[in-house]
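**Student:** Curious how this folds, go ahead:
(4 chains)
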There are 2 protein chains.
Amino acid sequence: MKGEGKPTINDVAAAANVSKKTVSRVINKSPLLSDKTRAKVEAVIKDLGFVPNLQARALALRRNFIIAAIHDNPNAQFLVNVQQGILEGIEGSEFGLMVQPFDRNTEDFEQKVRAFLERQRPYGVVLLPPISSDEAIVDLCREMGTRYVRMSSIKNDDEAHIVSSNDRDAVREATAYLIEKGHTRIGLIEGPEGFTSPQERRAGFEEAMTAAGLSLDPALVRPGSYTFESGVTAAQDLIALDHPPTAIFACNDEMAIGAMITCRRSGMLIPEDISIVGFDDTPLSSHVWPSLTTVRWPIVEMARTAAQKLIEPDDAAAQMPWMLPSNLVERGSVVPPK
Amino acid sequence: MKGEGKPTINDVAAAANVSKKTVSRVINKSPLLSDKTRAKVEAVIKDLGFVPNLQARALALRRNFIIAAIHDNPNAQFLVNVQQGILEGIEGSEFGLMVQPFDRNTEDFEQKVRAFLERQRPYGVVLLPPISSDEAIVDLCREMGTRYVRMSSIKNDDEAHIVSSNDRDAVREATAYLIEKGHTRIGLIEGPEGFTSPQERRAGFEEAMTAAGLSLDPALVRPGSYTFESGVTAAQDLIALDHPPTAIFACNDEMAIGAMITCRRSGMLIPEDISIVGFDDTPLSSHVWPSLTTVRWPIVEMARTAAQKLIEPDDAAAQMPWMLPSNLVERGSVVPPK
DNA sequence: CAATTAATTGACACCGGTGCCATTCAAGGT
DNA sequence: ACCTTGAATGGCACCGGTGTCAATTAATTG
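**Tutor:** A predicted model of the protein is given here:
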């Protein structure tokens, strides 16, 4: 250790009077090392405060210690939950989390992703919805040999490369719950087109209705885009109908709250006049009044699992769960119809 | 290029029939290169699809291409805005953004931060509030030679290392606005203790009151913690007073909305019965009804500037703006008192 | 006790770039 | 034509680790 700068493996080797390769073995917890030597080297490492240089290891191992979360502008709460989950998943490892958003609407979207992967060469990437169902991007990962795990609402890859939740089942359950309460005219506020998650949620809704022998009145199905405003608009349409619904299922909480506020603004009482169910279980859903009955989406757990799969070998990843349960959270926004 | 794997600088050198050092010069846009050679090498680079290996550059240059955002669990919208700003700031560069939260309440908080910096050795870190005013962490950065920029609400460092906003001025302005409308009994919902931003906001409030010759009734000052619930609690206290305020300034939007909902739930009309002003200009503030008059906090711009300062040399960074204006956004939650 | 085998450890090239200094080459001066 | 000078390029060590394989040492066996 020549006076200043961080100590390197050479400094440790010199101080412990062993070869750098031996120090390397200690760092990597190699089993073929005598306990005596290991102890000696570990003492020196601790003494010198040596921390292995990740850049050098990255170069030598031809892989770095970066997990990248690639997304396309989802909402803030979702994004932060995913980040939290990934960080939990890599906690204790040497990995760091890099985040990189992309705009799927730009012409050179795919080029941008490619450039990012070529430049940073992350060890693995977590593909967030809706990018996770973009096969072109997944192909890109495969082509470049970048490990990836998709967070998706359907099983569109093998067990090692996907983490999903059973949204369809959960929505079916939630809708059945409304039906069980006595609702027969149930409005549906859909999510944006071209995404898989709203498709699944809608499918679950339809399945429950069909199973209960209820017809799906097209007038009760309104488009939405997962935004507060779209929830407002959809709700305005629904309550303006000649035979308005007695309950609304919105494909996410933000729209559900938009609907809730809209209904109240037009003089309705919630849940007495109209029941509302959302999806996501965002923090806001327990803040509003009445608190929103919704479906909890295990997004943090999903992200944690995705990250763990990335840093485990493929065969171990395939053994880990690939589907995590979404489930109904009963709060105060649902009662039987009048 | 031996058949497979990504092409390296050696492959380019061989194909262009120059030394690898010359290729290196091309990559680094060195001026002492003949145009002919440069053109030739660039053609080969493009042809081979060569992308320099950042890990190798990092090792050789003894610096990597990572900007880290270090934070302590702020709210999701804030965090995402900061990330967006930083990403805008590093757009076009080779840098990537790594995020790492820490819990300041744990015993080994400082150790954790140190371990992270020693392990990943980011080129620079953006310190988000409230960590940005933790001198121990800043000292850590200095000691380790890690570049840093603080995002803070006060100027607690030199121009090259800080980006702030004039929150105090903005709150003074906002409060003066309420006073100008005719309010004299104005409630204040404070932010969490130990943070600088709520201190500044409170200071601005007091300055405006004092300047208008209004006394600061302690009963009208309620604690808060930037959460929705704390806004609810504080508002309940305020409206239960014998002489309740005719207006409330909440130190952030979330509490303001908590207060808004609480007032309405107890039968008051907003803004007729009570005016409310928040701070942050979160998306929600324009969604609620009536839309919330608030102070826009230029957080994205601040983060962008912070990132730009990090990747510029110190002297250039010192020339960049270090204070960005916060300003009042008049919406619908303020009218003169009855 | 020598021979064989297993357990440790070391030497050295290499990962893919950059820094420093030497070398080559073309242009300008006399 | 010869020397000087500056521009352009190359050679080689080095950044801080790891992989491969050889060398050394310790343990086991006949």
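
**Student:** Output the below-cut-off pLDDT ranges for the stretch 201-338 of chain A.
**Tutor:** Counting by pLDDT under 70, the stretch 201-338 of chain A shows no low-confidence range.

**Student:** where do the helices sit along it?
**Tutor:** Taking DSSP state H, counting those that start in this stretch as the test, the helices found in the stretch 201-338 of chain A are A:228-239, A:253-265, A:283-287, A:299-311, A:314-319.

**Student:** and the closest residue to DNA strand D within the stretch 201-338 of chain A, how far is that from A:Gly124?
**Tutor:** At 14.1 Å from DNA strand D, A:Pro313 is the closest residue in the stretch 201-338 of chain A, using C-beta to the nearest atom of the strand. For every residue, glycine as well, the C-beta is placed using N, CA and C. The spacing between A:Pro313 and A:Gly124, counted by C-beta to C-beta, to the nearest Å, is 12 Å.

**Student:** Give me the more crowded residue out of these two.
**Tutor:** A:Gly124 (20 against 10; other C-beta atoms under 10 Å in any protein chain shown).

**Student:** The more buried one and chain B, how far apart?
**Tutor:** 14 Å (C-beta to the nearest C-beta, to the nearest Å).

**Student:** same check, this time on A:Ser93
**Tutor:** Using C-beta to the nearest C-beta, A:Ser93 is found at 10 Å from chain B.

**Student:** and what of A:Val26?
**Tutor:** Separation of A:Val26 from chain B (C-beta to the nearest C-beta) stands at 17 Å.

**Student:** Contact partners for that residue?
**Tutor:** Contacts of A:Val26 were listed using C-beta atoms under 8 Å, 6 or more residues apart in numbering or on different chains, and they are A:Leu33, A:Thr37, A:Arg38, A:Val41, A:Glu42, A:Ile45.

**Student:** now do A:Met144
**Tutor:** A:Arg114, A:Leu117, A:Glu118.

**Student:** JSON lines for those, including distance to DNA strand D and neighbour count?
**Tutor:** Converted to JSON lines, the contacts of A:Met144 look like this (distance: C-beta to the nearest atom of the strand, whole Å; neighbours: other C-beta atoms under 10 Å in any protein chain shown):
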{"residue": "A:Arg114", "distance to DNA strand D": "26", "neighbour count": "19"}
{"residue": "A:Leu117", "distance to DNA strand D": "22", "neighbour count": "23"}
{"residue": "A:Glu118", "distance to DNA strand D": "20", "neighbour count": "18"}
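
**Student:** Just the ones of those in strands?
**Tutor:** Taking DSSP state E, every one of those sits outside strands.

**Student:** of those residues, list those near DNA strand C.
**Tutor:** Filtering those for proximity to DNA strand C by C-beta under 7 Å from any atom of the strand leaves nothing.

**Student:** Of the contacts of A:Val26, which is the most crowded?
**Tutor:** A:Val41 (24 neighbours).

**Student:** what about the helix or strand where that one lies and chain B, touching?
**Tutor:** Element membership for A:Val41 (DSSP states H and E) is helix A:35-48. No. Helix A:35-48 does not reach chain B (C-beta under 8 Å from any C-beta of the partner chain); its nearest approach is 12.3 Å.

**Student:** What's the first helix or strand after that helix?
**Tutor:** helix A:54-61.

**Student:** how close does the residue of the stretch 201-338 of chain A closest to DNA strand D sit to B:Val288?
**Tutor:** Counting by C-beta to C-beta - A:Pro313 and B:Val288 are separated by 49 Å.

**Student:** What is the end-to-end distance of stretch A:290-299?
**Tutor:** Using C-alpha to C-alpha, to the nearest Å, the end-to-end distance of stretch A:290-299 comes out at 24 Å.

**Student:** list the buried ones in that stretch?
**Tutor:** By 16 or more other C-beta atoms under 10 Å in any protein chain shown, the buried positions in stretch A:290-299 come out as A:Pro290, A:Leu292, A:Thr293, A:Thr294, A:Val295, A:Arg296, A:Trp297, A:Pro298, A:Ile299.

**Student:** With stretch A:209-224 instead?
**Tutor:** Those would be A:Met209, A:Leu214, A:Leu220, A:Val221, A:Arg222, A:Gly224, for stretch A:209-224 by 16+ other C-beta under 10 Å.

**Student:** The third one against A:Ile189, yeah?
**Tutor:** No. Applying C-beta atoms under 8 Å as the test, A:Leu220 and A:Ile189 come out as separate, 9.8 Å apart.

**Student:** Tell me who's in contact with the closest residue to chain B within the stretch 101-250 of chain A.
**Tutor:** Closest residue of the stretch 101-250 of chain A to chain B, C-beta to the nearest C-beta: A:Glu118 (4.4 Å). Residues near A:Glu118 by C-beta under 8 Å, 6+ apart: A:Met144, B:Lys6, B:Val51.

**Student:** Tell me the confidence at the first one?
**Tutor:** Among the per-residue scores, A:Met144 holds a pLDDT of 92.

**Student:** Now do it against DNA strand D, distance only.
**Tutor:** To DNA strand D, A:Met144 is 21 Å away according to C-beta to the nearest atom of the strand, to the nearest Å.

**Student:** ditto for the second one
**Tutor:** The span separating B:Lys6 from DNA strand D equals 17 Å under the rule C-beta to the nearest atom of the strand.

**Student:** residues in chain A within reach of DNA strand D, list them.
**Tutor:** So chain A meets DNA strand D at A:5-6, A:8-10, A:20-21, A:23-24, A:27-28, A:50, A:52-53, A:56-57, A:59-61 (C-beta under 7 Å from any atom of the strand).

**Student:** are any of the residues you listed buried, and which?
**Tutor:** With neighbours counted by 16+ other C-beta under 10 Å, the residues of chain A next to DNA strand D contain buried members at A:Lys6, A:Thr8, A:Ile9, A:Val23, A:Ser24, A:Ile27, A:Phe50, A:Pro52, A:Asn53, A:Arg57, A:Leu59.

**Student:** Now the fourth one. Its backbone dihedrals?
**Tutor:** By that I understand A:Val23. Backbone torsions of A:Val23, given as degrees, to the nearest 10, read phi -60, psi -40.

**Student:** what about the residue lying closest to A:His71 once chain neighbours are set aside, neighbour count?
**Tutor:** The shortest distance from A:His71 to any non-neighbouring residue, by C-beta to C-beta, 6 or more residues apart in numbering or on different chains, is to A:Leu128 (4.0 Å). By other C-beta under 10 Å, 26 other residues sit near A:Leu128.

**Student:** Enumerate the residues of chain A near DNA strand C.
**Tutor:** Counting by C-beta under 7 Å from any atom of the strand, the residues of chain A near DNA strand C are A:17-22, A:25, A:32-34, A:36-38, A:56, A:59-60, A:62.

**Student:** The same query, at a cut-off of 10 Å, please.
**Tutor:** Taking C-beta under 10 Å from any atom of the strand as the contact definition, chain A meets DNA strand C at A:13, A:16-26, A:30-38, A:40-41, A:55-62.

**Student:** coming back round to it: okay, the buried ones among the residues of chain A next to DNA strand D in JSON lines with pLDDT next?
**Tutor:** Shown next, in JSON lines, are those (pLDDT from 0 to 100):
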{"residue": "A:Lys6", "pLDDT": "89"}
{"residue": "A:Thr8", "pLDDT": "96"}
{"residue": "A:Ile9", "pLDDT": "96"}
{"residue": "A:Val23", "pLDDT": "96"}
{"residue": "A:Ser24", "pLDDT": "96"}
{"residue": "A:Ile27", "pLDDT": "95"}
{"residue": "A:Phe50", "pLDDT": "96"}
{"residue": "A:Pro52", "pLDDT": "97"}
{"residue": "A:Asn53", "pLDDT": "97"}
{"residue": "A:Arg57", "pLDDT": "97"}
{"residue": "A:Leu59", "pLDDT": "96"}
